[in-house]
Every structure is written in structure tokens, then in C-alpha cells.
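Engineer: Attaching a predicted model along with its sequence, questions to come.
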Amino acid sequence: MTYIAIVLTFIFINNFILVQFLGLCPFIGVSKNSENAIGMGASVTFVTTVASVVTWAIYYYLLVPFNLQYLQTLSFILVIASLVQLLEMVIQKISPPLYKALGIFLPLITTNCAVLGIALINITSGYNVMEAFTAGLAAGLGFTLAIVLMSNIRERLDLQPVRRSFAGMPIAFVSAGLMALAFMAFDKSLITNLHLV
Amino acid sequence: MKQNHMKELTKGFFEQNPVFVIALGLCPVLGVSSQVSNAIGMTAGVFFVLLFSNIIISLLRNVIPGSIHIPAYIVVIASLVTVTEMVMHAFVPAVYNALGVFLPLIVVNCIILGRAEAFASKNSTFDSALDAIGMSIGFGLALTLIAVIRELFGSGTITLFPIGGFSGVIPIPWFYDNPVRVLSLAPGAFLVMGFLKAFFAWKSSRKKVK
């Protein structure tokens, strides 16, 4: 697969939230206003990109040589947890404004399925390191796209008369369903029609 | 005293249902609910991991230092998930393949870490085991309910496990000829979840009025 095909796949065709259902907790929890949604999206994109490369290296340079592939879940989650901690400290030192913007979201990301999800998908798809990097970045961008769209929908919904039993989470799920319906327009034929394979 | 134990067991079924009331662990609920057999497989995985993680963590609750309790819990949970993965891969490869990435993702399922943090770290081993059983049953009920709705209306079948000559797929007469395809696809998961949540909100608001 070419890099453009990977980008299109992870942003539109297999959007992490709307098609693969990864990272739903922040999608529902942090999408009440668009400022937080952008912060969460940016943090997730950052972490999925870095984590893709680091877990790829751990898998191929540490687990494969010692024939320890079965430890991948255990090692990936520990690596991701420490990576998030490390990133938090580094960002705090290097760029206090960025830390101010992303700081509250970073601890939440460890238990975000999107991060562990992309690390595992990179391995099962057999990507090389550049492809894994691209996939991580694209998956994060797809996550950001969905959560930002959702936050805008929810900001509008706050001003609408919604039945009491639907208020809050139920209407958010129904809107996500309608959005997922729109995303069904993108499917694998997009890649073949564009001659990207 | 006996009453208390019963309550630890049953609170997970409805009043503190992990999916509909606490709204934890939603990714697998939507991800694997397109077929009933997958929902049952996922429930079995969550049940095993949650039961043993609650037992182990409540046994170790006085040993694990407070400052590193979260990483310690994650190691316990991840090891159990690895065991589950290997067992499923060996004995039920079809379910293993169907669950795909969602099986290792039990590690980051908020239900398990949530119960470890909120319950097993503070209560006795027996109560923690009961809590785990109750929560898994609640999780299983919710997941199976969604899967039955999605599969029945979406493809008109109920898929269980193949035994002998029985293929495991039960077609339901009228629904089989008139499927609402969208329900078995990705958007259907969100729609069913939204409408079920609205239904439960409506029910509980009616109860309060009475």
C-alpha cells in the first residue's frame, strides 16, 4: 500500500471512531465543547504517532529476536503508559504553552483504546516503520476529525429542544450514528478507483 | 451480612450496569456486537479477566504501594489478558479471529481497571469476586442485548456456536427476508446504543415520578 492509501484508509475508510469503534470514551466524554475536542485530538494524534514508532521498534528489535511475541500486549501497554508520562514531562519542560493546552488530556490517553489499537494494528498489518508512522499519524488525524465534528454537533444540540430522555449521551450516540452513516460513503473502492494499490 | 454479599453480586446487573449506567468500556460493546456469538465470546473474556484481576488485586491490596498502584494493576490485567488470548487462540480460533483487536484491548477496558480501583483495592477477596461476577453478568447482558437487536434486525439471524452438524446460525423467518442492513454495520451500533440509552433514561425517569 502506498502512503496516500494508508492515510485515506485511516482517516476516512476505517476511521478509528466511526468505523472501528476505538477511542469511544474520550469521543463521548470530551466532546462537549470544541476547544477541548481539539486539545484531545491533538494529544491523541501526537501519542499515536510516537507510540506507533516506539512499539514497532520494541516488537521487531526486542520481542521478535527473543521469540517473545506473545508478550506484545503486556509490553505495549507498559511502553505506552511510560511514554505518556515521559511525553508529559518533556512537553512541560520544552513548551509550557503546549503543556497548558494538552496537559489535562495526556494522563487520560494511557487507557485510550485508540493508542494500543494502532500499535497492535501496525503489527498485524505487517507495516514497516515508515508505514507504521504514517498509520499512527493518520489514525490520530481521523480521531481528531471525528471528535471535532462531534463537538460542533453537540454545541449546536445544546441550543436545541431535545426530549428529556434523549438529552446528553443518547442524542450524542444517535448523532454519531448519523455521522458514521455519512462516512460509509468512503469504502475500499475509493482506493482502487484512485489507482493507489 | 448475607444480604450484603447478595447486593455486591446483583448491583452490577441493573442498578450499576457497567455499560448503560456507568457507561464504561464502550469500545468493545459497539465493536463486537454485530453477532451474538462474538458478544458471548467477549463476555467470556471479560468475565475471566475481571474475576481474576479482582481476586488478585484484592489479595495484594495491602502489599502494593499506593504510589505505583495503577502500573501494578495494569501488569496484572495485561498478564491475564495474554492468558485469555492464548487460550482462545488455541481452543476457539473462530471467536479469536472475529474479536480481532478487541481481545487484547480488554487491557484498556475501563470496566476492569475501574473495578480494580473502585472496588477490589478496598474490599475483601470474597466480595471482590462477587463484584466481578455481577459486573461481568451486567456487561454480558448489555452486550448480548445489543448484539441480539443488531443481528436480528440487521441480518435476520442469531449466530451461536457450531456444535456437530448444527452450523450455529439460526435464521429467524420474517426478519431473514426483510433485513435492515444498516443495523449490522457500523452506524447501527451507534444508533442502537443511543436509542437503548434513551429508553433506559425514559424508564428511570418514569420510576422517579411514581
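Structural biologist: That came in fine, so what should we check first?
Engineer: From now on I want contacts and neighbour counts done on CA atoms only, so please keep to that.
Structural biologist: Fine.
Engineer: so the spatially most central residue of chain B is in which element?
Structural biologist: With distances taken as CA atoms, centre = their mean, chain B has residue B:139 as the residue nearest its mean C-alpha position (3.6 Å). In this assignment (DSSP states H and E), residue B:139 forms part of helix B:125-155.
Engineer: and that helix, what does it pack onto?
Structural biologist: Judged by 3 or more CA pairs under 8 Å, 6 or more residues apart in numbering or on different chains; DSSP states H and E, the packing partners of helix B:125-155 are helix B:2-10, helix B:36-59, strand B:157-159, helix B:173-177, helix B:186-209.
Engineer: Let's see that with 6 Å instead.
Structural biologist: Helices and strands touching helix B:125-155, by 3 or more CA pairs under 6 Å, 6 or more residues apart in numbering or on different chains; DSSP states H and E, are helix B:2-10, helix B:36-59.
Engineer: gap between the nearest residue to residue B:88 once chain neighbours are set aside and chain A?
Structural biologist: Using CA to CA, 6 or more residues apart in numbering or on different chains and skipping the chain neighbours, the partner closest in space to residue B:88 is residue B:96 (5.7 Å). Here residue B:96 is placed at a distance of 14 Å from chain A (CA to the nearest CA, to the nearest Å).
Engineer: How about residue B:43?
Structural biologist: From residue B:43 to chain A the distance is 17 Å (CA to the nearest CA).
Engineer: list the contacts for that residue?
Structural biologist: Neighbouring residues of residue B:43 by CA atoms under 6 Å, 6 or more residues apart in numbering or on different chains: residue B:140.
Engineer: Distance of it relative to residue B:126?
Structural biologist: To residue B:126, residue B:43 is 21 Å away according to CA to CA, to the nearest Å.
Engineer: ditto for residue B:100
Structural biologist: 33 Å.
Engineer: Mind pulling up the pLDDT for residue B:3?
Structural biologist: pLDDT recorded at residue B:3 is 65.
Engineer: can you list the residues of chain B near chain A?
Structural biologist: Applying CA under 6 Å from any CA of the partner chain, we find that chain B lies next to chain A at B:27, B:31, B:78, B:108, B:186-187, B:190-191, B:194, B:197-198, B:201-202.
Engineer: Just put the residues you listed in CSV and tack on pLDDT and neighbour count.
Structural biologist: What follows is the residues of chain B next to chain A, written out as CSV (pLDDT from 0 to 100; neighbours: other CA atoms under 10 Å in any protein chain shown):
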residue, pLDDT, neighbour count
B:27, 80, 24
B:31, 85, 20
B:78, 92, 27
B:108, 84, 24
B:186, 86, 23
B:187, 89, 25
B:190, 91, 26
B:191, 91, 24
B:194, 90, 21
B:197, 88, 23
B:198, 89, 24
B:201, 84, 19
B:202, 87, 15
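Engineer: Just give me the closest of those to residue A:65.
Structural biologist: Nearest to residue A:65, judged by CA to CA, of the residues of chain B next to chain A is residue B:78 at 21.6 Å.
Engineer: can I assume the closest one is in contact with residue A:75?
Structural biologist: No - the pair residue B:78 and residue A:75 fails to qualify as a contact (CA atoms under 6 Å) at a distance of 8.7 Å.
Engineer: Tell me, how many residues neighbour residue 182?
Structural biologist: All of this is about chain A. 12 (other CA atoms under 10 Å in any protein chain shown).
Engineer: was after chain B, sorry
Structural biologist: 16.
Engineer: Next: residue B:118.
Structural biologist: Residues near residue B:118, counting by other CA under 10 Å: 11.
Engineer: picking that back up, in a helix, the residue nearest to residue B:88, correct?
Structural biologist: Yes - according to DSSP: H, G, I helix; E, B strand; the rest coil, residue B:96 belongs to a helix.
Engineer: quick one: it and residue B:83, what's the gap?
Structural biologist: The value you get for residue B:96 to residue B:83, if CA to CA is used, is 13 Å.
Engineer: For my notes, confirm residue B:170 occurs in a helix.
Structural biologist: No - under three-state DSSP, residue B:170 sits outside any helix and is assigned strand.
Engineer: Can you tell me the closest non-neighbouring residue to residue A:144?
Structural biologist: residue A:41 (4.2 Å).
Engineer: Now do the same for the residue nearest to residue B:88: its pLDDT.
Structural biologist: At residue B:96, pLDDT is 88.
Engineer: before we move on, the earlier item: who are the contact partners of the residue nearest to the centre of chain B?
Structural biologist: Residue B:139 touches residue B:18, counting by CA under 6 Å, 6+ apart.
Engineer: any low-confidence regions in chain A?
Structural biologist: Applying pLDDT under 70 to chain A flags the ranges A:1, A:103-104, A:196-197.
Engineer: Could you tell me which residues within whichever helix in it runs longest count as buried?
Structural biologist: Determined from DSSP state H, the single longest helix within chain A is helix A:129-157. Going by neighbour count (16 or more other CA atoms under 10 Å in any protein chain shown), the buried part of helix A:129-157 is A:129, A:131-154, A:157.
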